[in-house]
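> One predicted model, sequence on top.
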Amino acid sequence: MRSLIATLALLMLGLTLLVYGSLNDEVSYVNLGLAGIFLSIIVYTFKTSEYVKKNSFEISLEPLGRILNSLISDLALEGEAIYVPPFGDLSKGGVFIPLHRDFELDLTRLSYDVAFLTSTSSEREMGVFVVSPGERLVERYEEHYEGSLEGLSSKEVESVCHAVLKSLELAKSIYIKESENEIEILVESEIGFEGFSEQLLDPLSSSILSALAKATGELLRVRKYKSGERIEIKAEKMGRPEKWM
């Protein structure tokens with residue numbers, strides 16, 4: 001119950017700040033509003049899985065997906081999500097959603113203090129940067145593994161994610177296939193995630209991609225995403241952070 005209250009409070013605060021900032025052309029309030037909205041889904045996800053029945057969890061989570069997708073649509077974000085591994089000051093990595101599909105990426109501009117990146121030399125560098133909605137689960141993965149995921153193979157990540165998600169009754173099975181330029185993920189989920197997209201993946205999928213980004217040390221760009229109880233993801237390898245700095 002406390003988790004749900006905190007989620008709703010963050011969501012309402014975020015929406016209020018976003019609307020106020022948009023109406024008054026205050027970029028700082030827009031950034032705070034975006035941060036509050038994205039944080040609400042992080043707070044709610046995987047704190048509630050221990051206390052709320054699965055059906056209640058699905059019913060509560062699905063509207064958040066719709067709200068965030070509406071927000072992405074209103075901001076006219078066109079690019080697919082890019083999962084950034086931890087590096088430098090970005091100790092937890094994150095997710096960058098470019099404003100345009102034809103984008104330019106400069107990782108030196110990303111910061112946890114700025115959600116909507118607008119102070120750039122080109123509009124093609126603009127976008128939204130947030131902590132992954134699956135951050136809490138990545139912590140669970142490392143607790144189970146008893147160490148950092150950095151340097152693990154995709155099959156080792158598959159094993160860790162499967163063990164944790166199955167124990168939490170969130171997924172029945174996970175399959176990860178890695179090639180030279182792409183990673184394919186198939187998940188038989190216990191939860192019917194709906195209302196998510198290539199720009200905003202459900203927290204379970206986000207956690208797996210974040211884990212893979214941390215393990216491989218590479219940026220991963222979502223090229224295909226199908227939600228539901230059978231989740232399908234294809235992610236393009238974009239190289240290590242140094243390539244984009």
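That came through, no problem. Numbers count the residues shown, from 1 in each chain.
> switch to C-alpha atoms for all contacts and neighbour counts from now on
OK.
> Assign a three-state SS to Ser205, would you?
Put simply, Ser205 is helix when judged by DSSP: H, G, I helix; E, B strand; the rest coil.
> my read: it touches Gly134, true?
Yes - here Ser205 reaches Gly134: they are 7.5 Å apart, a contact under Cα atoms under 8 Å.
> count of neighbours near Val131?
Per other Cα atoms under 10 Å, the neighbour tally for Val131 reads 22.
> and the longest strand belonging to the chain, C-alpha only, in CSV?
Secondary structure of the chain per DSSP state E: the longest strand is strand 182-193. Extracted C-alpha coordinates of strand 182-193, given in CSV (Å, rounded to 0.1, in the frame of the first residue of the first chain):
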residue,chain,number,x,y,z
GLU,A,182,22.5,-8.0,-32.5
ILE,A,183,20.9,-9.6,-29.4
GLU,A,184,17.6,-11.4,-29.5
ILE,A,185,15.5,-11.9,-26.3
LEU,A,186,12.5,-14.1,-25.8
VAL,A,187,10.6,-14.1,-22.5
GLU,A,188,7.6,-16.2,-21.4
SER,A,189,6.3,-13.8,-18.8
GLU,A,190,3.9,-14.5,-16.0
ILE,A,191,2.5,-11.0,-16.4
GLY,A,192,0.7,-9.6,-19.5
PHE,A,193,2.5,-6.4,-20.1
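> tell me which strands and helices that strand is in contact with?
helix 54-74, strand 171-178, strand 228-237 (3 or more Cα pairs under 8 Å, 6 or more residues apart in numbering; DSSP states H and E).
> Tell me which stretches of the protein form strands.
Using DSSP E, strands in the chain cover 82-84, 94-98, 116-117, 127-130, 171-178, 182-193, 220-226, 228-237.
> of the ones you listed, which approaches His144 most closely?
Each of these has some distance to His144 by Cα to Cα; the shortest is strand 171-178, at 16.0 Å.
> Could you give the average pLDDT over that closest one?
Averaging pLDDT along strand 171-178 gives 94.
> cool, stretch 134-145 as well?
90.
> quick one: buried residues of it?
For stretch 134-145, a neighbour-count test (16 or more other Cα atoms under 10 Å) marks 134-142, 145 as buried.
> among those residues, which two are most distant?
Counting by Cα to Cα, the most remote pair of those is Gly134 and Tyr145, 16.7 Å apart.
> got a list of what the spatially most central residue of the chain touches?
Against the mean C-alpha coordinate of the chain, by Cα atoms, centre = their mean, the closest residue is Ser132 at 3.5 Å. Contacts for Ser132 (Cα atoms under 8 Å, 6 or more residues apart in numbering) come out as 42, 83, 93-95, 203, 206-207, 210.
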